[in-house]
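Trainee: next comes the sequence, and after it the predicted model I'd like to discuss.
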Amino acid sequence: MDSTLDSLLLGFSVALQPDVLLYAFVGCLVGTLVGMLPGIGPLAGISILLPATFGLDATKAIVMLAGIYYGSQYGGSTTSILMRIPGEAASVMTCIDGYAMTQKGRGGAALCIAAVGSFVAGTFGVIMLTLVAPPLGAFALRFGPPEFTALLVLGLVFLAYMSSTSLVRTLLMASVGLLLGMVGIDVMTGHFRWAFDIPELGDGIGIVPVAVGLFGLGEILSTPSRSVTTKVVSPRLRDLLPSRTEWREAAAPIARGSVLGFIIGIVPGSAHIISSFLSYALERRLAKNPEDFGRGAVAGVAGPESANNAASTGAFVPMLALGLPTGPVTAVLMAALLIHGIPPGPQLVTEHPQVFWGFVASMYVGNLMLLALNLPLVGLFVSVLRIPYAYLYPLIVMFCILGVYEVNHSIVDVWIMLIMGVAGYLLRKFDFDPAPLVLGLVIAPILEMSLRQSLVMSNGHWSIFVQRPIAAALLGLCAALLVLSALSILRRRRDWRTKLAAEEAGDAA
Amino acid sequence: MRLKRDTVAGGAFVGLGAALWASSGDLPVGSLAMPGAGMVPMIAIGLVMVLGGVLLVRGTAGPSLSADHWSDADHAIRVVVATAIATALYTRLGFLITVPLLLFGLVGLVERRNIVAAAAFSIGVTAVAWLLFAMLLKTPLPPVPWS
């Protein structure tokens, strides 16, 4: 415990340096804007701004990018509550009761409860991250190639199991991502794979053009400007304070949302989105008057907002401790660390303590900054939405081209981004979630390397994965999840058959 | 017969897998004891084809491809064409010429906003972006050809 406190003090000595504070502030500010603007989620925001961090050292880069991530959770609530526009997917549940509170004239109070809930949950998440990540990292030092292979497969299966779309679609997207991640020179043999006479593909397909294309440009292509209309409502500062009853109603949902969000954040999948949905369902189930939900229930704002903030912090635990991205945002953040020559994983705490603890400490500071930023400046932030979308999206297209080109000064990357933009548009049209594709792309090199190393170690025997206890346990968990998925499909089929039989019986009658 | 959405998607992924399989003939698969550069890609291709096949088979009971679903396609195509032209010109004409053309094309031509406002917006944004990135952040942007 003492060593954790000492390390945290080291982290604060890094995080409180004026330049690190500045980048944390910039990240929080940009994140708030990214969360508010419809059409740009945290992933697109982080992907577009990733190249802007190349000139910074690893600590400042990760502090700024993480600030964008958790800042966007705060920003997303503002437009949800005031305008019923979820700036990003995790804020969908906040729209329901947040906007109902605004219609009742309690929009300011809803904003304050959302901000305080996000602060409490974010801080709880960081405390848990401080306590959980280092021992988990130490445990992961026992991992060899078979364990890493099993862990990565578990990550993919878990993502598919938790996904909002079907298991087949998620695994299909992840497999396409794995294929994209294998383009280029094979590091073990030097063989050129799928280069198509384009020398730039030798280094592989980068995560930046793929992520910017799928989530930045793809989102723009899917959002015709005529469909974006915003009526800006700006609350007065004096309306921001909730009443004593509202505070009382918010306290328990904030506490429950914080715990639930952190736990869900650790498991792979779009944790912050799932956590807000689950928290809303939980609060409605526990409420004395569930009929109030949908009509401005304070718990309907406090619970989901706290849960999605705690989940976004929880997602950093496997990323930092195990080097395992649990979702596309953490995959891009992991790529940012790798670009700066810092591999996330068990050795991060011991080999780069300044980066790890500086990052953790900056999250404490960032949460305070966001609380201070979001409430007094809400009117200013909301006025950004007055920019017509017809002028806003060309700016984003410009940043996409500029940002992607600057990574390697390669126009091939810009073409890849454009192709991925079209692919992102088509995938949305066919009801695919492109997020697992990015995850597949990021883990492809690690998965391939660890699988091949495992096979070499065992002289070609797959049994190595069941002979080692940790790998066997992880693969057992994979099998259990797949069986659970299969059971749910079978059960659905039985439901369908039962329904059809009932209908036929009705017809007969 | 109306085309089903998942049938089309599944068929496309099976086709993609088949095309990649056909173009991977030179990749050495190796043995289990010494896997080659082609082993894991072949597994991934196999996964794409199997999962695409499942989608294709199950797709017959799924929703149809409706024309309404593609009502925004004309806007998307115009944005893609504008971005493709800008990408082709970016390193040839440089940042200072390509970016205002792109912005003007999107605001003035694709969105049909007031031409003067679109021109002012394009030039203003380009100037601010140039000052911010090239002058302040010292980012090396593609130069105009005669500079």
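Mentor: Alright, I've got the coordinates.

Trainee: ok, now how distant is the residue of chain A found nearest chain B from B:Met39?
Mentor: The nearest approach of chain A to chain B comes at A:Gly460, 3.2 Å away (CB to the nearest CB). Placement of C-beta: from N, CA and C, glycine included. Separation of A:Gly460 from B:Met39 (CB to CB, to the nearest Å) stands at 11 Å.

Trainee: where in chain B is pLDDT low?
Mentor: In the prediction, chain B carries residues with pLDDT under 70 at positions B:1, B:67-68, B:137-138, B:147.

Trainee: please see if the host helix or strand of A:Val157 touches chain B.
Mentor: Counting by DSSP states H and E, the secondary-structure element that holds A:Val157 is helix A:145-162. No - using CB under 8 Å from any CB of the partner chain, no contact is recorded between helix A:145-162 and chain B, whose separation bottoms out at 10.3 Å.

Trainee: so what's the residue positioned nearest the centre of chain B up against?
Mentor: The structure's chain B has its C-alpha centroid closest to B:Val80; by CA atoms, centre = their mean the separation is 8.0 Å. The contact partners of B:Val80, by CB atoms under 8 Å, 6 or more residues apart in numbering or on different chains, come to A:221, A:418, A:421-422.

Trainee: quick one: these as CSV, columns for neighbour count and distance to chain B too.
Mentor: Below are the contacts of B:Val80 laid out as CSV (neighbours: other CB atoms under 10 Å in any protein chain shown; distance: CB to the nearest CB, whole Å):
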residue, neighbour count, distance to chain B
A:Leu221, 27, 4
A:Leu418, 21, 6
A:Gly421, 28, 7
A:Val422, 19, 6
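
Trainee: picking that back up, now the residue of chain A closest to chain B: phi and psi?
Mentor: According to degrees, to the nearest 10, the main-chain angles of A:Gly460 amount to phi 90, psi 10.

Trainee: surely B:Ala33 is in a strand?
Mentor: No - for B:Ala33, which was evaluated using DSSP: H, G, I helix; E, B strand; the rest coil, the result is coil, with no strand membership.

Trainee: what is the burial count for it?
Mentor: 12 (other CB atoms under 10 Å in any protein chain shown).

Trainee: next, count neighbours for the closest residue to it other than its chain neighbours.
Mentor: What sits nearest to B:Ala33 in space, not counting adjacent residues and going by CB to CB, 6 or more residues apart in numbering or on different chains, is A:Gly460, at 3.5 Å. The burial metric for A:Gly460, expressed as a neighbour count using other CB under 10 Å, is 14.

Trainee: list the contacts of A:Leu56.
Mentor: Listed by CB under 8 Å, 6+ apart, the contact partners of A:Leu56 are A:23, A:64.

Trainee: where does it land on pLDDT?
Mentor: What the model reports as pLDDT for A:Leu56 is 82.

Trainee: got the contact list for the residue located most distally from the centre of chain B?
Mentor: With CA atoms, centre = their mean as the measure, chain B has its most outlying C-alpha, relative to the mean C-alpha position, at B:Ala33: 38.8 Å. Residues touching B:Ala33, when contacts are defined by CB under 8 Å, 6+ apart, comprise A:455-456, A:459-460.

Trainee: just say helix, strand or coil for the closest residue to A:His409 other than its chain neighbours.
Mentor: What sits nearest to A:His409 in space, not counting adjacent residues and going by CB to CB, 6+ apart, is B:Pro140, at 7.3 Å. At B:Pro140 the chain is in coil, as set by three-state DSSP.

Trainee: measure how buried B:Pro140 is and give me the count.
Mentor: Number of residues near B:Pro140 (other CB under 10 Å) recorded here: 10.

Trainee: before we move on, what SS does B:Ser66 have?
Mentor: Taking three-state DSSP as the rule, one finds B:Ser66 in the coil state.

Trainee: and the strands in chain A?
Mentor: With DSSP state E as the definition, chain A shows strands at residue ranges A:184-185, A:192-193.

Trainee: tell me which strands the last one pairs with, and in which orientation.
Mentor: Yep, that's strand A:192-193 we're talking about. Using DSSP bridges, strand A:192-193 pairs in its sheet with strand A:184-185 (antiparallel).

Trainee: show the contacting residues for A:Gly206.
Mentor: Shown in contact with A:Gly206 (CB under 8 Å, 6+ apart): A:407-408, A:413, A:416.

Trainee: now A:Cys112. Nearest residue, chain neighbours left out?
Mentor: A:Leu240 (4.8 Å).

Trainee: against A:Pro376, how distant is the one you found?
Mentor: As for A:Leu240, its distance to A:Pro376 is 8 Å (criterion: CB to CB).

Trainee: the two: who's more crowded?
Mentor: Between A:Leu240 and A:Pro376, A:Leu240 has the larger neighbour count (other CB under 10 Å), namely 18 against 11.

Trainee: per-residue pLDDT, that one?
Mentor: The score at A:Leu240 is 74. That number is its pLDDT.

Trainee: OK, contacts around it?
Mentor: Here A:Leu240 is in contact with A:108-109, A:111-112, A:375, A:378 (criterion: CB under 8 Å, 6+ apart).

Trainee: having no further points to raise, I will conclude here.
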